[in-house]
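J.: Predicted model follows, preceded by the sequence.
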Amino acid sequence: MTSPTPFRAASEVFAIPELLEMILTESHMHDVLVWQRVDKTFNGVVANSRTLQEKLHFRAIFSEGEDPPEAVLNDLLHDHFDRCLWSENVDRRFSMYMAAESSYGGAKHVKLALYVGHWNSSAARCNDLLGPGSWRRMLLSQPPVKLANQNLWPDEKTSKWYGFTALDAIACMEQVEATHFANPTWSRSIMRKSMQF
């Protein structure tokens, strides 16, 4: 009796959804995101698994009880923002900062700050540079971010918004632009101070 070839053995293992899910659960987030494109079996397992959807930051983990879990930032999303935006904006006119923090009452939360340092760094431009893709549906953190701040450098104009996904962050930028960049004096101040570098 001949033993199965490695490729056939692998296909037999991956044909068992429960086993494939266990393997993917222990894999890196980036790998799972890529592997869902292997075939319909992989795609179906990833799409129908609550655990994997939470791992990929597509589905929210809502903590229950008084002691919520430590916040996990979406490093894949953060890297995507940095790579796509900073590579085009060499003076780093746009950057994103995320940090997990604890309030005085002990409750954990995640705060997101978007730094926009030049009027040319518009939300529409950032949206174009980031391109289409699943990043738009990704959560910024697990558990989901509740509160985010926009800090507009260098005038330190700050406002707050509530949102969960990366697309919410872009929408938040658009709202800031409509509010703050409509002021010509403020825009000229940004330009003047940016040119000092």
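T.: Happy to help now that I have it.
J.: Kindly state the domain boundaries assigned to the protein.
T.: Per automatic domain parsing, the domain ranges recorded for the chain read 6-55, 72-194.
J.: Determine which of those shows the lowest mean per-residue pLDDT.
T.: Between the domains of the chain, the one with the least mean pLDDT is domain 72-194; it has a mean of 60.
J.: State the distance from the closest residue to residue 50 other than its chain neighbours to residue 82.
T.: For residue 50, ignoring the flanking residues on the chain, the nearest one in space by C-beta to C-beta, 6 or more residues apart in numbering is residue 59 at 6.4 Å. C-beta: built from backbone N, CA, C; applies to glycine. If you measure residue 59 against residue 82 using C-beta to C-beta, to the nearest Å, the figure is 24 Å.
J.: neighbour count winner among these two?
T.: Counting neighbours by other C-beta atoms under 10 Å for residue 59 and for residue 82 shows that residue 59 has the greater number, 17 against 14.
J.: give me phi/psi at the more buried one?
T.: As for residue 59, its main-chain torsions (degrees, to the nearest 10) stand at phi -130, psi 140.
J.: my read: it touches residue 48, true?
T.: No - contact criterion C-beta atoms under 8 Å: residue 59 and residue 48 do not qualify, at 11.3 Å.
J.: Which neighbours do these two have in common?
T.: When contacts are counted by C-beta atoms under 8 Å, 6 or more residues apart in numbering, the set common to residue 59 and residue 48 is empty.
J.: Which positions in the one helix or strand residue 78 maps to come out as buried?
T.: Using DSSP states H and E, residue 78 sits within helix 75-81. By neighbour count, and taking 16 or more other C-beta atoms under 10 Å as the criterion, the buried residues in helix 75-81 are 76-78, 80-81.
J.: next one: stretch 52-63
T.: Buried positions in stretch 52-63, judged by neighbour count with 16+ other C-beta under 10 Å: 52, 54-59, 61.
J.: Stretch 42-51 too?
T.: In terms of neighbour count (16+ other C-beta under 10 Å), stretch 42-51 has its buried residues at 42, 45-46, 49.
J.: which two from those residues end up farthest apart in space?
T.: The widest separation within the buried residues of stretch 42-51, taken as C-beta to C-beta, falls between 42 and 49 and amounts to 10.8 Å.
J.: Common neighbours of those two, please.
T.: Taking C-beta under 8 Å, 6+ apart as the contact definition, residue 42 and residue 49 share the neighbouring residues residue 24.
J.: What is the neighbour count of residue 133?
T.: Burial measure for residue 133: 10 neighbouring residues, criterion other C-beta under 10 Å.
J.: err, residue 31, not the other one
T.: 10.
J.: May I have the helix holding residue 78 as PDB, with CA atoms only?
T.: Only the C-alpha atoms of helix 75-81 are listed here, as PDB (Å, rounded to 0.1, in the frame of the first residue of the first chain):
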ATOM      1  CA  ASP A  75      -0.900  46.500  13.500                       C
ATOM      2  CA  LEU A  76      -1.700  45.400   9.900                       C
ATOM      3  CA  LEU A  77      -3.900  48.500   9.400                       C
ATOM      4  CA  HIS A  78      -1.400  50.800  11.100                       C
ATOM      5  CA  ASP A  79       1.400  49.500   8.800                       C
ATOM      6  CA  HIS A  80      -0.900  49.900   5.700                       C
ATOM      7  CA  PHE A  81      -1.500  53.600   6.700                       C
END
